[in-house]
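Asks: A structural model of the following input is requested.
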Amino acid sequence: MTRNVVFIFKCATLAALALEGRSALGQRAQEPGVAPTQGFSLSEQEVERRVRSASPAVRAQRAAVATADAERDRASRAVVPDLQLSARYTRLSSVPEEFRRLSLSLPGVPMMDAVVFPQLLDQFVARAQVTFAVSDLFTRALPALHAAGQRAEAVRYEAQANEARAVLDAQAAYLAWLRSRAAVSIARATRESFERQREDVVRRVTAGQIPLSQQLPLDVTLSSLRRQEIALEAGLRGAESALRAQLALGSEPLVATDESEEPVSLSSTDARTRPELLALDANARALSSQSRAAAGSIAPSLSVTGGLDIAAPNPRAFAQTTIVPLATWDLSVQLSWSLAQVLDGEASLRVVSAQRRALEAQRDALARAIDAEIVATRADFEGSLRRLDEARRGLVAAEALATQRRGAFSAGAATATELTLAEADLLRQRLELADARLEARASRARLRFALGALHFDRPSPREAR
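Replies: Here you go, the predicted model:
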């Protein structure tokens, strides 16, 4: 009998969950004259909101999304013609006149005066130049921009997947905390019940109504219950510390507002909305764009360049005696081809092709794994609901048996061993019901994650900031 009770409490450390809507802690909070506990209210929905607003991992993922968006914006600059503006002032050294004199005398022609070219020692130049890579726009820049956009989309889906994983982990920590709370509540309530029974037995033993052998089983069981309660309280402290770390909470008391909540069925959703799959699809589209960009690098490059110069003095004007700004323009078309660029583009094509094949295989494997995960988690959830129904029926029977044994023991028609076994069965059924209820909630959370339902109610970008 004692081994049976000890075994039950060892299982309670792993499987004890909330009582049937009224745990011992909840009962004490509602007693007359006792002020309700003030603290941080928690529920599965609040845990999800807290993780998305305060989790360091989620903030890091959003920073990765911002980085990818910035990379996409940088790629968009390549489709804009390049504009270069420059201004220059130059002071020239003076050239002696003898090197600026030009003699105009010709054979057989009367002597003419030599021409001395003037010199302007100050130069001012302003230039505007526009370069437009005509061929690169369609063969490289636009595919690269599209690839950057798809990569940013993939990073966003990956961030959503990691955020959903963080939510699932936090909800698991929250439900584990509820398990520990329920285990302590059940252990305390059971120990108090045994203490009251033992007091009655001690009085009867003292009065000589029953032998001492009727008291000894209760003493052994009560000692075991006290030891197990101490161990469960230590487990509760550990579970609470883990939950506080997950949610970045301080030292304020934690209050569960949905401890007795019943699990509900899920509506069917499309598993193809899983962000992991959407991220792989976006990466595949990005590789397709990269492939087009790599192929475009093999072709010759055509560019058009136009420039406008405002110079004083202008080098294209002769015999200027004063500094007068003069505008001139130029236009050039250039066609270039590079063997090194062709070889590099061909290698890039082969790399991208191999990456696409690997990505396709990865997506097929992930899709099959998700399908198997959905089947397994759905079966687990449906089984947990059936287990919950059975636990309810078992608790009703155990309560009826314990009530009958208490009455029989009081009337002297049952032994303390029979009463202890009945109480142990009642304890086991309470633990089973509590475990079944929150295990069903935990399996429902896993099924929501498998179906991608966690991603339909995520906050808007403005709320995320």
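Asks: ok, so what distance separates Gln334 from Glu46?
Replies: Distance check for Gln334 against Glu46: by Cβ to Cβ, to the nearest Å, it reads 63 Å. C-beta: built from backbone N, CA, C; applies to glycine.
Asks: what do you get for Thr328?
Replies: As judged by Cβ to Cβ, Thr328 and Glu46 stand 71 Å apart.
Asks: more crowded one of the two?
Replies: Glu46 (16 against 13; other Cβ atoms under 10 Å).
Asks: Pull the distance from stretch 274-283 to the chain's centre.
Replies: Between the centre of stretch 274-283 and the centre of its chain there are 14 Å (Cα atoms, centre = their mean, to the nearest Å).
Asks: again, but for stretch 223-237
Replies: In this view, stretch 223-237 has its centroid 36 Å away from the chain centroid, taken as Cα atoms, centre = their mean.
Asks: Output that stretch as PDB, nothing but the C-alphas.
Replies: Taking Å, rounded to 0.1, in the frame of the first residue of the first chain, the C-alpha atoms of stretch 223-237 are listed here in PDB:
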ATOM      1  CA  SER A 223       5.300  10.600   6.400                       C
ATOM      2  CA  SER A 224       5.600   9.600   2.700                       C
ATOM      3  CA  LEU A 225       3.100  12.400   1.800                       C
ATOM      4  CA  ARG A 226       5.100  15.000   3.600                       C
ATOM      5  CA  ARG A 227       8.300  14.000   1.900                       C
ATOM      6  CA  GLN A 228       6.700  14.100  -1.500                       C
ATOM      7  CA  GLU A 229       5.100  17.500  -0.800                       C
ATOM      8  CA  ILE A 230       8.500  18.900   0.000                       C
ATOM      9  CA  ALA A 231       9.900  17.500  -3.300                       C
ATOM     10  CA  LEU A 232       7.000  18.900  -5.300                       C
ATOM     11  CA  GLU A 233       7.300  22.300  -3.800                       C
ATOM     12  CA  ALA A 234      11.000  22.400  -4.900                       C
ATOM     13  CA  GLY A 235       9.800  21.300  -8.400                       C
ATOM     14  CA  LEU A 236       7.300  24.200  -8.400                       C
ATOM     15  CA  ARG A 237      10.000  26.700  -7.600                       C
END
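Asks: Show me what counts as buried in it.
Replies: Buried residues in stretch 223-237, counted by 16 or more other Cβ atoms under 10 Å: 224-225, 228-229, 231-232, 235-236.
Asks: can you list the weak-confidence ranges in this structure?
Replies: Scanning the chain for pLDDT under 70 picks out the ranges 1-38, 103-113, 264-272, 319, 454-465.
Asks: where along it do the strands fall?
Replies: Applying DSSP state E to the chain gives strands spanning 40-42, 82-91, 101-102, 115-116, 122-133, 254-256, 301-312, 326-336.
Asks: Tell me which of those strands sits nearest to Val351.
Replies: When the strands of the chain are compared by Cβ to Cβ, strand 301-312 sits nearest Val351, at 21.2 Å.
Asks: Listing partners with orientation, what would you give for that closest one?
Replies: Strand pairing for strand 301-312, using DSSP bridges, gives strand 122-133 (antiparallel), strand 326-336 (antiparallel).
Asks: between that strand and strand 82-91, how big is the angle?
Replies: Counting by axes from the mean of the first three to the mean of the last three Cα atoms, to 10 degrees, strand 301-312 lies at 30 degrees to strand 82-91.
Asks: Just the buried residues of strand 301-312, please?
Replies: Under the neighbour-count criterion of 16+ other Cβ under 10 Å, strand 301-312 has 301-303, 305, 309, 311-312 buried.
Asks: mind putting the residues you listed in TSV, distance to Arg387 included?
Replies: Shown next, in TSV, are these (distance: Cβ to Cβ, whole Å):
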residue	distance to Arg387
Ser301	69
Leu302	71
Ser303	72
Thr305	76
Asp309	85
Ala311	89
Ala312	92
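Asks: wait, which of these is closest to Glu360?
Replies: Ser301 (31.7 Å).
Asks: Leaving out sequence neighbours, find the closest residue to Arg378.
Replies: Leu447 (5.9 Å; Cβ to Cβ, 6 or more residues apart in numbering).
Asks: What is the burial count for Ala182?
Replies: Residues contacting Ala182 under the criterion other Cβ under 10 Å number 30.
Asks: Next, find the distance separating it from Gln84.
Replies: Taking Cβ to Cβ, one finds Ala182 at 72 Å from Gln84.
Asks: Which stretches in the stretch 51-200 of the chain count as helices?
Replies: Here the stretch 51-200 of the chain has its helices, by DSSP state H, counting those that start in this stretch, at 56-76, 134-136, 142-206.
Asks: Hmm, Glu346 is touching Ile298, no?
Replies: Yes: applying Cβ atoms under 8 Å as the test, Glu346 and Ile298 come out as touching, 6.6 Å apart.
Asks: Give me the more crowded residue out of the two.
Replies: It is Ile298, of Glu346 and Ile298, that has more neighbours when counted by other Cβ under 10 Å, with 17 against 14.
Asks: Backbone dihedrals for that one, please?
Replies: Main-chain dihedrals, Ile298, degrees, to the nearest 10: phi -80, psi -30.
Asks: Surely it touches Gly345?
Replies: Yes: here Ile298 reaches Gly345: they are 4.3 Å apart, a contact under Cβ under 8 Å.
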